[in-house]
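Asks: When you get a sec, could you give me coordinates for this:
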Amino acid sequence: MNNKLPFRFGSEVYTWFMSGDGETHKGQLGHMIEIIAKAGFTGIQPIFTWMGDLVNPELLADKLKEQGIELAALALAQDWNGAKETDEEKIVADNAIALLEHFPGAMLNTVQIPTGRHDIETRRKSLVNIVNTVSKRAADKGIPCSYHPNSPHTSIIRTEEDYKIVLESLDTTVTGWTPDVGHIINGGMDPLSKMKEYQSLINHVHYKDWDGNPEFVLMGKGKVELLEITQWLKDINYGGWIICEDEGSLALEDPDAVTIHDGQWIVNDLIPKLK
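Replies: So this is what the prediction gives:
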């Protein structure tokens, strides 16, 4: 992909995780790395609790080197439903931080697993405190962090009000924000407007497309203004990763083909139209 752009393109592995809630492609991170490299991406974002044997940093580094791609980020997805981390959640987070210490520059991408919008005011405050706490521990180890909101109806961070409360409470000395353009539009907001509003927080970006029937669709086939968003990121000289996380229905049937499609769409349809 175009080396003259200020940003680089990578791929998440959630495209494979979708089938069977992770069971269908469990333990196949090596295969995902191969497909992501074949698609032309230069980075990958695995899910920390779904890495199989490649959670070993030496094995992971060897596989990434073999395929010529980098560890762009690691997704740390936890429930975080209490006032603070549980002992188990803290162990998982610290293990993710320890792994990232072997890959300088790779991002810790924090995300809450949605479990409902009950007690929302209290839980939004608790989530912010936990994200800031985890990010502080990572930042103390020199690891960059970014918080990723999502948009299922059970998510406590999906609406404009949610975004205002949470994003404006992040400790910006230790964490930034990952705008996921598909989740933003799925929550009833305009992705580019929201990104411009909180531009100073952006240090990681996720792409997925959306058509509202009922939610996500193959990259380039939906209503997200991906060209305009990418042009804006180029214009502001955004220098981080754009991670594709395709959650269209086709991913359930053939995540390999979807990932190859996304890489080809970026090279053949998106990049050539940038000014």
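
Asks: lowest-pLDDT helix or strand in the chain?
Replies: In the chain, no helix or strand scores lower on mean pLDDT, DSSP states H and E than helix 250-253, which sits at a mean of 94.

Asks: Please enumerate residues in contact with the host helix or strand of residue 89?
Replies: Assigned by DSSP states H and E, residue 89 belongs to helix 87-100. For helix 87-100, the surrounding residues in contact (CB atoms under 8 Å, 6 or more residues apart in numbering) are 48-49, 55, 57, 60, 74, 76, 78-80, 85, 106, 108, 134, 137-138, 141, 143. Heads up, the C-betas are built off the backbone N, CA and C, glycines and all.

Asks: just the buried members of the residues you listed?
Replies: Burial by neighbour count, judged by 16 or more other CB atoms under 10 Å, picks out 48, 55, 60, 74, 76, 78, 80, 85, 106, 108, 134, 137-138, 143 from those.

Asks: all strands of the chain, in order?
Replies: For the chain, the strands defined by DSSP state E occupy 8-12, 43-45, 70-71, 73-78, 107-112, 145-147, 176-177, 205-207, 209-210, 216-217, 241-244.

Asks: sorry, back to before: does anything pack onto the least confident helix or strand of the chain? Which helices or strands?
Replies: Applying 3 or more CB pairs under 8 Å, 6 or more residues apart in numbering; DSSP states H and E, we find helix 250-253 packed against helix 255-265.

Asks: Give me the distance between the helix it packs on and the centre of its chain.
Replies: 17 Å (CA atoms, centre = their mean, to the nearest Å).

Asks: and it, which residues are buried?
Replies: By neighbour count with 16+ other CB under 10 Å, helix 255-265 contains the buried residues 255-256, 258-263, 265.

Asks: Kindly report the same for stretch 36-55.
Replies: For stretch 36-55, a neighbour-count test (16+ other CB under 10 Å) marks 36-37, 39-48, 50-51, 54-55 as buried.

Asks: Pull the most distant pair out of the residues you listed.
Replies: Greatest spacing in those, by CB to CB: 40 and 55 (25.8 Å).

Asks: Can you pull out the residues in contact with stretch 73-82?
Replies: Against stretch 73-82 from outside (CB under 8 Å, 6+ apart): 10, 12, 14, 43, 45-49, 85, 89, 92-93, 96, 99-100, 106-113, 115, 123, 126-127, 130-131, 134, 146, 148, 204, 241, 243.

Asks: let's see 7 Å
Replies: 45-48, 89, 92-93, 96, 99-100, 106-113, 115, 123, 126-127, 130, 204, 241, 243 (CB atoms under 7 Å, 6 or more residues apart in numbering).
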